[in-house]
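1. how does the following fold in three dimensions:
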Amino acid sequence: MTDMNIGELPLPREQVVRIVRMALEEDAPHGDLTSQAFVPASAHAEAEVVAREAGVFSGAEVLRSVFAEIDEHIGVGCEVEDGEAFAAGARLAVVRGPARAVLRGERVALNLLQRMCGIATLTARYVAAAQQTAPRVRVVDTRKTTPGLRILERHAVRCGGGHNHRFSLSEAVMAKDNHLALVHNLTAAIQSARAQLPHTTHIEVEVDRLDQIETVLAGGADTIMLDNFSPEDLRRGVALIDGRAIVEASGGITLETISEVAATGVDVISVGALTHSVRSLDLGLDLRLAQE
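-> Predicted coordinates for the structure are as follows:
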């Protein structure tokens, strides 16, 4: 797991551009027929990205990249920063340039921005609820992300004050129930994995019963995930582990339950809903003709 804030872990531009190009190609593979038919080639436009509801901003780099890919003459000025809260009705950005080009990028820009702001906003709510009872607990995402958009969605989680779990299967060892179903001696399996892996590789093991904890500790796991434990059993698990490993709680945690989970003393709470069940925030792009 990482512990980097937004400024320390910027979005890799080459990956943002790849995502943007794919989205633009999907949306207008042969140009924008409507704009070509209705909008004069010489027309210039000014558009405002406006919040229809309150939230937390995420996606400034994505917004700029969408319009830069379409036309280098489009200017984008963001009026809020990633991670900044905004009210309903707030102007978030201004886009100026050739009207046809602005219209071509409108839907892709809003789709990505709305999703990222939705994730940042939801994450901020989870973090606030958890830290009511445990100010130092981390709320982290999972790999339950939209295929192809993981880099954007993880950035949005950080914008909301959350942290990131491992990025991919290649980044860390995380033995879950389906792995353990194929293992006969869990302690020996963890020790064997440790012997094979570089010393810097983090090993996390999921358990779903209290009686598995000592076996996992004996193997030398760095993090133990307590999956779908009741608050009472989470407290027992934290006491049993007693600082010998990082304790992560996971499994169906909601805004209504996360405060109680945080109060059990766990170090990390992973929430798949931050990305797999998020609602895109309601943002609009209001356009008008402008003087050249």
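2. can you tell me the closest non-neighbouring residue to Ile190?
-> Distance criterion C-beta to C-beta, 6 or more residues apart in numbering; nearest residue to Ile190, sequence neighbours excluded, is Gly219 at 2.7 Å. Quick note: C-beta positions are derived from backbone N, CA and C, even for glycine.
3. quick check: that neighbour touching Thr187?
-> Yes - counting by C-beta atoms under 8 Å, Gly219 touches Thr187, with 4.4 Å between them.
4. these two: who's more crowded?
-> The neighbour comparison of Gly219 against Thr187 (other C-beta atoms under 10 Å) goes to Gly219, with 20 against 16.
5. re earlier: now for the residue nearest to Ile190: which residues touch it?
-> Applying C-beta atoms under 8 Å, 6 or more residues apart in numbering, we find Gly219 in contact with Leu186, Thr187, Ala188, Ala189, Ile190, Gln191, Arg194, Val205.
6. can you pick the most crowded of the residues you listed?
-> Val205 leads those on contacts (other C-beta under 10 Å) with 27 neighbours.
7. helix/strand/coil for that one?
-> strand (DSSP: H, G, I helix; E, B strand; the rest coil).
8. which residues in the stretch 151-292 of the chain form strands?
-> 173-175, 203-207, 223-227, 246-250, 268-270, 283-290 (DSSP state E, counting those that start in this stretch).
9. I should have written the stretch 1-150 of the chain there, sorry.
-> With strands called from DSSP E, counting those that start in this stretch, the stretch 1-150 of the chain shows them at 44-51, 55-56, 75-78, 85-86, 91-98, 138-140.
10. closest to Ser280 out of the ones you listed?
-> strand 55-56 (10.3 Å; C-beta to C-beta).
11. which parts of the stretch 151-292 of the chain are helices?
-> With helices called from DSSP state H, counting those that start in this stretch, the stretch 151-292 of the chain shows them at 177-180, 186-196, 213-219, 231-241, 258-262, 273-276.
12. pull the CA atoms of stretch 206-222 into PDB?
-> Taking Å, rounded to 0.1, in the frame of the first residue of the first chain, the C-alpha atoms of stretch 206-222 are listed here in PDB:
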ATOM      1  CA  GLU A 206      -6.900 -12.700   3.900                       C
ATOM      2  CA  VAL A 207      -8.600 -14.600   6.700                       C
ATOM      3  CA  ASP A 208     -12.300 -15.200   7.400                       C
ATOM      4  CA  ARG A 209     -12.000 -16.800  10.800                       C
ATOM      5  CA  LEU A 210     -10.300 -15.800  14.000                       C
ATOM      6  CA  ASP A 211      -8.600 -19.200  14.300                       C
ATOM      7  CA  GLN A 212      -6.600 -18.600  11.100                       C
ATOM      8  CA  ILE A 213      -4.800 -15.600  12.500                       C
ATOM      9  CA  GLU A 214      -2.000 -17.400  14.400                       C
ATOM     10  CA  THR A 215      -1.300 -19.600  11.400                       C
ATOM     11  CA  VAL A 216      -0.800 -16.500   9.200                       C
ATOM     12  CA  LEU A 217       1.300 -14.700  11.800                       C
ATOM     13  CA  ALA A 218       3.500 -17.700  12.000                       C
ATOM     14  CA  GLY A 219       4.200 -17.500   8.300                       C
ATOM     15  CA  GLY A 220       5.300 -13.900   8.600                       C
ATOM     16  CA  ALA A 221       2.600 -12.000   6.800                       C
ATOM     17  CA  ASP A 222       3.000  -8.200   6.700                       C
END
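13. I'm done for today, thanks for sticking with me.
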